[in-house]
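Colleague: Would you be able to build a 3D model of this:
(4 chains)
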4 protein chains.
Amino acid sequence: MLTLRDPIHGFIRADRLEAALIDSRPIQRLRHVHQLGLTSLVFPGAEHSRFSHALGAMELAGRVYDALAAKGGGLLPPRRTARERRLVRLAALFHDAGHAPFSHSAEELFEEGLDHEAMGGRVLGTAGVREVFARHADETAPAPEEVAELLAAGGGAAGAGAEDGTADEASAVAPASASPPADRAPVQRLLAQIVSGELDVDKMDYLLRDSLYCGVRYGNFDLDRLVDTLVPLADPETGAWGIGVEAGGVHAVEALVMARYYMFTQVYFNPVGKALELHLNEWLEETGRRWPADPGAFLEIDDVTVWAALRASDSAHARAVVGRRHYPLAFETAEHLSADERAAFARLLAELRERFGHDLLVSHSAKDPHRMGASRVLVRHGDGRLEPMARASHFMRHLGRIDRYRVYAPPARRDEVARAIRERWAG
Amino acid sequence: MLTLRDPIHGFIRADRLEAALIDSRPIQRLRHVHQLGLTSLVFPGAEHSRFSHALGAMELAGRVYDALAAKGGGLLPPRRTARERRLVRLAALFHDAGHAPFSHSAEELFEEGLDHEAMGGRVLGTAGVREVFARHADETAPAPEEVAELLAAGGGAAGAGAEDGTADEASAVAPASASPPADRAPVQRLLAQIVSGELDVDKMDYLLRDSLYCGVRYGNFDLDRLVDTLVPLADPETGAWGIGVEAGGVHAVEALVMARYYMFTQVYFNPVGKALELHLNEWLEETGRRWPADPGAFLEIDDVTVWAALRASDSAHARAVVGRRHYPLAFETAEHLSADERAAFARLLAELRERFGHDLLVSHSAKDPHRMGASRVLVRHGDGRLEPMARASHFMRHLGRIDRYRVYAPPARRDEVARAIRERWAG
Amino acid sequence: MLTLRDPIHGFIRADRLEAALIDSRPIQRLRHVHQLGLTSLVFPGAEHSRFSHALGAMELAGRVYDALAAKGGGLLPPRRTARERRLVRLAALFHDAGHAPFSHSAEELFEEGLDHEAMGGRVLGTAGVREVFARHADETAPAPEEVAELLAAGGGAAGAGAEDGTADEASAVAPASASPPADRAPVQRLLAQIVSGELDVDKMDYLLRDSLYCGVRYGNFDLDRLVDTLVPLADPETGAWGIGVEAGGVHAVEALVMARYYMFTQVYFNPVGKALELHLNEWLEETGRRWPADPGAFLEIDDVTVWAALRASDSAHARAVVGRRHYPLAFETAEHLSADERAAFARLLAELRERFGHDLLVSHSAKDPHRMGASRVLVRHGDGRLEPMARASHFMRHLGRIDRYRVYAPPARRDEVARAIRERWAG
Amino acid sequence: MLTLRDPIHGFIRADRLEAALIDSRPIQRLRHVHQLGLTSLVFPGAEHSRFSHALGAMELAGRVYDALAAKGGGLLPPRRTARERRLVRLAALFHDAGHAPFSHSAEELFEEGLDHEAMGGRVLGTAGVREVFARHADETAPAPEEVAELLAAGGGAAGAGAEDGTADEASAVAPASASPPADRAPVQRLLAQIVSGELDVDKMDYLLRDSLYCGVRYGNFDLDRLVDTLVPLADPETGAWGIGVEAGGVHAVEALVMARYYMFTQVYFNPVGKALELHLNEWLEETGRRWPADPGAFLEIDDVTVWAALRASDSAHARAVVGRRHYPLAFETAEHLSADERAAFARLLAELRERFGHDLLVSHSAKDPHRMGASRVLVRHGDGRLEPMARASHFMRHLGRIDRYRVYAPPARRDEVARAIRERWAG
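Modeller: Numbers count the residues shown, from 1 in each chain, chains lettered A, B, ... in the order given. Have a look, this model is predicted:
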């Protein structure tokens, strides 16, 4: 039993297989991938890596599993050594193993059209990792394929794509993630939701962790209360099992949603952090950098290698990042553009690009505050009655989607850009 | 006014000069020097840099100054813009600017016999820094020379050398730091003690900060209470002013001392952390690496450059650090060797070295839990009577000096080394 | 200078006049008035009294004053000994001095149609209090009449009546609190809002304090950030000054509003706490108890005297409170009745009363989550532009008014009552 | 399952028997016995009762039991429903049930020579409590006699008498508590130590709780770490089992000891609190008050009844308590009198009493910082070697026994008394 200290959870304990995997190359690599990319350049305390987040998610996965198992009517075996429990903890440990340097979210930089989830699967298939699994195999130890499968299921089951604190979203609309296949075992679906879903351990851990390290309090919510009220519920319409919540936990979920909302608006979508990220992206593009599709090569790159290259570069964009001399903000839209406004602004941008070309750096920060509706999260009342969360919480549905453009330009052209936009955009 | 978030102090505020200096090369470089060297390989949360510690020390310097000024009978002007106040804040900001990569303490690696304090002074003299001072000069703005002078005074005044969380001490006995020259202005001496002394802001900040990031509670003490009871006191024997404490604060000081004691025994002198540091030292030595005496060149090296070199190296020691495959512990002495025991063990080590040569890695962790006696810290009772802290606290003098050797050896020779020591060492 | 320890604010300091007033009968009496009435019977930790809340409010009043003075363009003098600052601190200290036992809110129990605010004024006029003011009079010490006046102004200025954590509201609609008279000095209005307004120290303190003592986290918000962003703003339409907030503080205000919302729904309007309060009310009524209009007599009664009488009583309602054997809940409406629904349910209740008489205990818990609109709280953007808070926060206006009836009945009739309501009420 | 919120432990859960016992008269009575007697008159936040402490101790008893069972080699069954586990939780719940009003420690006020432990046993034997046990009896439910027996064993096994935060000790020397009888079952002895011993849940809970409510940080220690390192160990000399600690927990135990030491010197033995307690004692004596030996009558008296009587009393001592107008301090000895000094001061006091009679109020605050030696607490090193804690911790034995007299006198005679003492006492 390995015991580690953690600022959020106090102690994190790992069994032998887990300890050996923590020691493996892909997880150790996460020590050199900042959890919040370039955010520590804005919030100095935010120097933490995806490594401690991965440990925290693993720890929480065990806790959430136990809470669900205690109420699950036999759906999940309540033993600490249950195969299902070990599986979900390992999936949580590896859920970010495919992350690019600086937690970079630009999936299009992956070779062969991969994304970080696919890379996570590849990483689990490397010889080093397989060897660790083989060495510690026992009756209830999961195989690496099972872990990869659960992580893949997560993306689909949640209908949401992976949660990513720092990422702008490419598309404003959730993918029409077809209802999950009926033949997927209910247990599998439940386990997948623990790692990736509306009430997953990823969110729970990163909100508390990022909040602490940033020195803000936006991300606080009542973790104990929330976990305590989680319950597996079968959707009466589809029959599918999912993570629901008892009526007494509705406010705890609301607080989680608000915490996430504040962290996005105040930290993850911070205008300075976004500017630095844009310069990083420009530099990545101009140097033609790609995240390798080969997992062995992929594991060689992390923040250290990229930062070393940034420093060595003559590129103005590289110097902007290293010296934190980003383009100033020329314009930002309101925080909650409607779909029409968004489309209109996108058209405006297309025209501006013709005039200003590469002098224009544009960030599009978009995020739904939650997807309780699409994900059909249910609430169970004291009398057994089920109600969709989106209805049980009277204000959650009023939380507007964050959808905002920001336009940056070189100091010399900033005012010109600002004028050009204001002439044609009222907001 | 620049406002930054901080996990320890909530908000940290900087005036224009301070903000510009925070932005300068030497302070920004500290983002890439881990506060606790390799400790994050043992305590995963401890990923923080000297940058946030420098900000925290600056913030605290202002608070301690205000507390002293409020009681100082005119010794220190109580205005927020007082030159003395600005000076002590800047000294705190720069107090670690000369730190080598991984907060490395092996001063002998500096070229030209420099140490990190001397380097701090050089850094303050670089053109970039001087230019910032010049640009923001006003009536109460200190000059860079004054800051350097205060930092230099600190080392002497405190009779202690700089406090360094992770460093083993080269010598077991405090330098016979002659009593401070009588001609040094009392204010200067007081200000110097704020930055470097028994009750300095360096200690206050790093204990709280390291404790939080490590996820331990050893380093907690009652900061508010401590600062509240600080008072400038003139030593009746020497006439020199120093930072003392009101009787109501004795227990707060005891708690600070205990916090420091625990952090050293549990975190800073952790056996795994020490082993990794030994391998790092071996690699530095075998590669003939030196910290440049030229401040411009010095500012180019930090954890990123060293880590990149470590990775690229074929050295067994480099691989030990990068892969955290350190030599196992073969033997450790008791935690509180007497001077005689220490000398005896040193002799034993000399003999062992002949037999085992470079297979022996030895750490010597030594630290006085406090130097309240040597530093003549005073307590003021309600009736005005002064008493040395070393007497006012009835147990502080019983806290034994930490003085412990640890011997590590390659796995294949570990048992042999262990036997060889146990045959001749009883403890 | 008196220094007191406090779980929320660390240290609370009082000057001589303040210390002597803390020592006075009306403030000491608050030690025996539980801050949350009978709530500790539900949340065991909530055993705190109005005394520590009064101290906390005083401390915060100084902090908020300083924040406003620092930005006020000369409106408020920034000295710590300014008469205005001392005045607002004393008003905060006394703001609850007229509270009846168990923080009881049934104003109709006061003789002569008084309410607790009027009683607060009378208490300030007692000989003992006047004597303390006289003994410590100096140049900047306010007179008791000024304190009383400020407290009276508060009620009107805020257009809200006093904030009372545990109180059901008598009326669902805010009184049409006429715009404040133009001849009231802007400073007076600002000071009054510090003690009683949308962003007052009462709320700030009780949310944090009640949250801590109850052992819940609902009431947490970022106090430092909030205070930091407060700013005095003149309403462009009325010219009246009020407490506003900088744009960077909008989310901190949102968090305050959410904290209050959660504390009301989860703690203050807890169904068990409400049931016990109903029994207390019944007992008060059947014994014909009144809160004396004479301040001297009023100061003789507190939780100790009432609890002693409850214990000595044979009344079933008294025994219900003392033994915590309250009537079970027969029915509760939805949490957010519309005005129409509320009226309809009130009609239904009137009919039920004819059938069930005194067997029916009914609580009506109603509270606006905020009155940012009615109170015209303003936000100042970076470019100086002002915007009503109700518009700047895109979701605050969607937070529904809490408006809920609960019906309790004796165990033997509970089912009958429940059926009778369900037959005629769909919700 | 009853779930309660708690400021220290977050959630406290109780099974049906526990919930019913929490609801019983003796435990509910503790709501009206302040945990720290009159201390809230000095530390305003300390308004908590023994009720929440009893709940906290019960919760912790389960946690400590689980930690010991996990390592106990079969000594304790690890099931949550094990009879032994339920027993130790109930003993913790009732460990303070015999406490007099204001947590009063003057055992001589009990009729029939009882003490509060004996009263605790009687209370468990009352019809009401027995009825609750009977109603919820099942296979693993303990009987009330077993709970009483465990509580009685605790006093003896620990060789220490009950821990009492606010009590002065009558005697300076620990009773020569013979080694525990060999025939007492090892399990019984272990369980007894959980409730009363050097590392008991009483201390763990009250240090954290009192510290939080007082608003000080003295009482903080690393609860998680401490519990994590507890282990049942058999004393090689006596064969008796006791609660020991792994080597990694020595510093956590040291921190607990320091926390206790600080809480005694700073809070429990606060000079103002002691003065008020002396007046209370005088009043109790002059009114001939006794704590009834009959448990039914005993349960009728609590802080409310005593406070009501105090208010109604014309006695100067009663008025001193109610109005907090205590005698001023005339003299206090050093904090750590030697046995000789103590005896000498006691002789001096006897003479002073002849001259000043009842005008002299004397407090004698005495406490060993720990009894690790007498209680033979053991440490287990990594290699299995056992070592007494008193040896493993190199400074614990240097922590001096607190032993201090304070003399108070009426304002008019204070100087006279002070002079009379100073003439004959150097310290």
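Colleague: can we go C-alpha only for contacts and neighbour counts from here?
Modeller: Fine.
Colleague: Quickly check: the longest helix belonging to chain A near chain B or not.
Modeller: With secondary structure taken from DSSP state H, chain A has its longest helix at helix A:50-71. Yes - under the criterion of Cα under 8 Å from any Cα of the partner chain, chain B is reached by helix A:50-71 at A:Phe51, A:Ser52.
Colleague: Just the residues contacting the host helix or strand of A:Ile27, thanks.
Modeller: For A:Ile27, the host element (DSSP states H and E) is helix A:25-29. Helix A:25-29 is contacted from outside by A:Leu21, A:Ile22, A:Phe51, A:Leu93, A:Phe94, A:Ala97, A:Val123, A:Gly128, A:Val129, A:Leu299, A:Asp302, using Cα atoms under 8 Å, 6 or more residues apart in numbering or on different chains.
Colleague: In helices only, show me the residues you listed.
Modeller: Going by DSSP H, the helices hold A:Leu21, A:Ile22, A:Phe51, A:Leu93, A:Phe94, A:Val123, A:Gly128, A:Val129, A:Leu299 from these.
Colleague: Just the buried subset of those, written out for ChimeraX, thanks.
Modeller: The ChimeraX selection below is limited to those of the ones in helices among the contacts of helix A:25-29 classed as buried (16 or more other Cα atoms under 10 Å in any protein chain shown):
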select /A:21,22,51,93,94,123,128,129,299
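Colleague: Same list, the ones in helices among the contacts of helix A:25-29, but as a markdown table with pLDDT and distance to chain D please.
Modeller: Output for these, formatted as a markdown table (pLDDT from 0 to 100; distance: Cα to the nearest Cα, whole Å):
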| residue | pLDDT | distance to chain D |
| --- | --- | --- |
| A:Leu21 | 98 | 24 |
| A:Ile22 | 97 | 22 |
| A:Phe51 | 97 | 22 |
| A:Leu93 | 98 | 23 |
| A:Phe94 | 98 | 27 |
| A:Val123 | 97 | 35 |
| A:Gly128 | 96 | 31 |
| A:Val129 | 98 | 31 |
| A:Leu299 | 97 | 35 |
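Colleague: Among the ones in helices among the contacts of helix A:25-29, give me the pair with the biggest separation.
Modeller: A:Phe51 and A:Gly128 (18.1 Å; Cα to Cα).
Colleague: could you point out where chain A is predicted with low confidence?
Modeller: A:105-106, A:155-184, A:427 (pLDDT under 70).
Colleague: ok so, going back, closest one of the ones in helices among the contacts of helix A:25-29 to chain B?
Modeller: The closest of these to chain B turns out to be A:Phe51 (Cα to the nearest Cα; 7.6 Å).
Colleague: residues touching that closest one, list them.
Modeller: Counting by Cα under 8 Å, 6+ apart, A:Phe51 has contacts A:Ile27, A:Gln28, A:Arg29, A:Leu30, A:Arg31, A:His32, A:Val33, B:Pro44.
Colleague: and the stretch 251-400 of chain A, which of its residues are near chain C?
Modeller: Residues of the stretch 251-400 of chain A lying near chain C (Cα under 8 Å from any Cα): A:His251, A:Tyr262, A:His394, A:Phe395, A:His398, A:Leu399, A:Gly400.
Colleague: in which helix or strand would I find the second one?
Modeller: Applying DSSP H and E as the criterion places A:Tyr262 in helix A:250-262.
Colleague: Report whether that helix contacts chain D.
Modeller: No - under the criterion of Cα under 8 Å from any Cα, chain D is not reached by helix A:250-262; the shortest gap measures 14.2 Å.
Colleague: can you give me the end-to-end distance of stretch A:211-225?
Modeller: 18 Å (Cα to Cα, to the nearest Å).
Colleague: Mind listing what's buried along that stretch?
Modeller: A:211-223, A:225.
Colleague: Tell me which of those fall in helices.
Modeller: A:Ser211, A:Leu212, A:Tyr213, A:Cys214, A:Leu223, A:Arg225.
Colleague: Chain B versus the residue in the stretch 201-350 of chain A positioned nearest to chain D, what's the distance?
Modeller: Of all residues in the stretch 201-350 of chain A, A:Asp224 sits closest to chain D, at 7.5 Å by Cα to the nearest Cα. Using Cα to the nearest Cα, to the nearest Å, we find A:Asp224 at a distance of 18 Å from chain B.
Colleague: dump the residue contacts of the closest residue to that residue other than its chain neighbours.
Modeller: In space, and not counting its chain neighbours, A:Asp224 is closest to D:Gly10: 7.5 Å by Cα to Cα, 6 or more residues apart in numbering or on different chains. If you count contacts by Cα under 8 Å, 6+ apart, D:Gly10 has them with A:Asp224, C:Gly215, C:Val216.
Colleague: hey, what's the spatially closest residue to the last one that is not a sequence neighbour bridged with?
Modeller: Closest residue to C:Val216 apart from its sequence neighbours, by Cα to Cα, 6+ apart: D:Arg5 at 6.9 Å. Assessed by DSSP bridges, D:Arg5 has beta-bridge partners D:Phe11.
Colleague: how many neighbours does D:Arg5 have?
Modeller: Residues contacting D:Arg5 under the criterion other Cα atoms under 10 Å in any protein chain shown number 21.
Colleague: pretty sure it contacts C:Leu41?
Modeller: No - look at D:Arg5 against C:Leu41 with Cα atoms under 8 Å: they stay out of range, at 11.5 Å.
Colleague: ok, the residue of the stretch 51-200 of chain A found nearest chain B - contacts?
Modeller: In the stretch 51-200 of chain A, the residue that lies nearest chain B is A:Ser52 (6.0 Å; Cα to the nearest Cα). Counting by Cα under 8 Å, 6+ apart, A:Ser52 touches A:Asp6, A:Arg31, B:Pro44, B:Gly45.
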